[in-house]
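Asks: Coordinates only, no sequence provided:
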């Protein structure tokens with residue numbers, strides 16, 4: 001899990017002063033890029049290794065609104081990952097812990113010509129770094 005903080009900007013809000021829903025998807029990308037960089041795999045390195053992981057699906061559940069100047073804490077986890085498909089899970093909350101959005105983004109892996117690849121075969125070091133960010137197992141006490 002990696003934690004990323006985003007301060008809601010005025011331009012991200014609508015006429016009612018509420019953050020426009022499309023911005024949450026942008027924040028997911030910010031948090032994902034941050035996770036990769038903290039893992040030693042910034043986008044530039046991924047591309048230098050000859051592959052990319054485009055988004056193929058996004059799901060968001062909006063729970064509570066955010067407004068200008070709110071600090072949104074985004075916790076990012078690696079969910080399902082089988083070397084072919086990768087799911088990132090996001091939990092977004094205000095600094096007081098109020099959950100505002102839960103989301104997922106699904107990705108595949110392609111070489112720089114756009115042909116599908118198996119990341120676990122093409123770049124096992126990348127996969128090992130990702131797996132360090134899996135959601136911790138729930139305690140059964």
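Replies: That came through, no problem. Owing to the predicted nature of the structure, the values given are computational and were not obtained by experimental measurement.
Asks: Residue ranges in the chain under the pLDDT threshold?
Replies: Applying pLDDT under 70 to the chain flags the ranges 138-141.
Asks: what kind of secondary structure is the one residue sitting closest to the centre of the chain in?
Replies: Centroid check for the chain by Cα atoms, centre = their mean gives residue 32 as the closest residue, at 3.6 Å. Three-state assignment for residue 32 (DSSP: H, G, I helix; E, B strand; the rest coil): helix.
Asks: From residue 39, how far off is it?
Replies: Going from residue 32 to residue 39 by Cβ to Cβ, to the nearest Å gives 11 Å. Any C-beta I mention is one placed from the backbone N, CA and C, and that applies to glycine too.
Asks: was I right about the residue nearest to the centre of the chain contacting residue 87?
Replies: No. Residue 32 is beyond contact range of residue 87, at 11.3 Å (criterion: Cβ atoms under 8 Å).
Asks: joint contacts of these two?
Replies: By the contact definition Cβ atoms under 8 Å, 6 or more residues apart in numbering, residue 32 and residue 87 are jointly contacted by residue 105.
Asks: Enumerate every residue touching the residue nearest to the centre of the chain.
Replies: Contacts of residue 32 by Cβ under 8 Å, 6+ apart are 76, 88, 105.
Asks: next one: residue 53
Replies: Shown in contact with residue 53 (Cβ under 8 Å, 6+ apart): 46, 86, 107, 108, 109, 110, 119.
Asks: 7 Å instead, please
Replies: 86, 107, 108, 109 (Cβ atoms under 7 Å, 6 or more residues apart in numbering).
Asks: Quick check: phi and psi on it?
Replies: The phi/psi pair for residue 53 (degrees, to the nearest 10) reads phi -130, psi 80.
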